[in-house]
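Enquirer: Next one to model:
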Amino acid sequence: MKKTRHTDSQIISILKKNETGTSVAELCREYSMSQASFYKWRSKYGGMDMSLMKKMKELEDENRRLKRMYAEEKLKAEIAREAIEKKW
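Expert: Alright, predicted model coming up:
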């Protein structure tokens, strides 16, 4: 997963500055980011505060962990099924 140069608190503060009236172009120059990044952040984090962002990150991490566990268990079940189906 690609890392961002900006922390979660910086992203929230950038979005708050935009809500108070600072233009997107000015924010992009100030923080050395693209407008696409800004709009992606706004669609993902718009209206959040730090506690909500932290909770969302925790849920994303848990979801990623559960998906990995499911894939491992599915692989084990597939191996067991193939072993049972083989004719000795």
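Enquirer: What helix or strand is K54 located in?
Expert: Assigning secondary structure by DSSP states H and E places K54 in helix 50-85.
Enquirer: Check which helices and strands that helix sits against.
Expert: helix 8-19 (3 or more CB pairs under 8 Å, 6 or more residues apart in numbering; DSSP states H and E). The C-beta positions use only the backbone N, C-alpha and C, and glycine is treated the same way.
Enquirer: which is the next helix or strand following the helix it packs on?
Expert: Of the helices and strands lying after helix 8-19 in sequence (DSSP H and E), the nearest is helix 24-31.
Enquirer: any idea how far that next one is from the chain center?
Expert: 22 Å (CA atoms, centre = their mean, to the nearest Å).
Enquirer: repeat for stretch 38-48
Expert: Distance, centroid of stretch 38-48 to centroid of chain: 11 Å (CA atoms, centre = their mean).
Enquirer: do stretch 62-80 as well
Expert: 21 Å.
Enquirer: for the helix holding K54, which positions count as buried?
Expert: Along helix 50-85, these residues count as buried under the neighbour rule (16 or more other CB atoms under 10 Å): M53.
Enquirer: so that helix versus helix 8-19, what angle?
Expert: Counting by axes from the mean of the first three to the mean of the last three CA atoms, to 10 degrees, helix 50-85 points 130 degrees away from the direction of helix 8-19.
Enquirer: pLDDT-wise, which helix or strand of the protein ranks last?
Expert: helix 8-19 (a mean of 89; mean pLDDT, DSSP states H and E).
Enquirer: Remind me what it packs against, helices and strands.
Expert: helix 24-31, helix 35-45, helix 50-85.
Enquirer: Now do the longest one against helix 35-45, angle only.
Expert: With the same axes, to 10 degrees applied, the angle from helix 50-85 to helix 35-45 works out at 80 degrees.
Enquirer: low-confidence ranges in the protein?
Expert: 1-4, 87-88 (pLDDT under 70).
Enquirer: what's the domain layout of it?
Expert: What automatic domain parsing lists as the domains of the chain is 1-48, 51-88.
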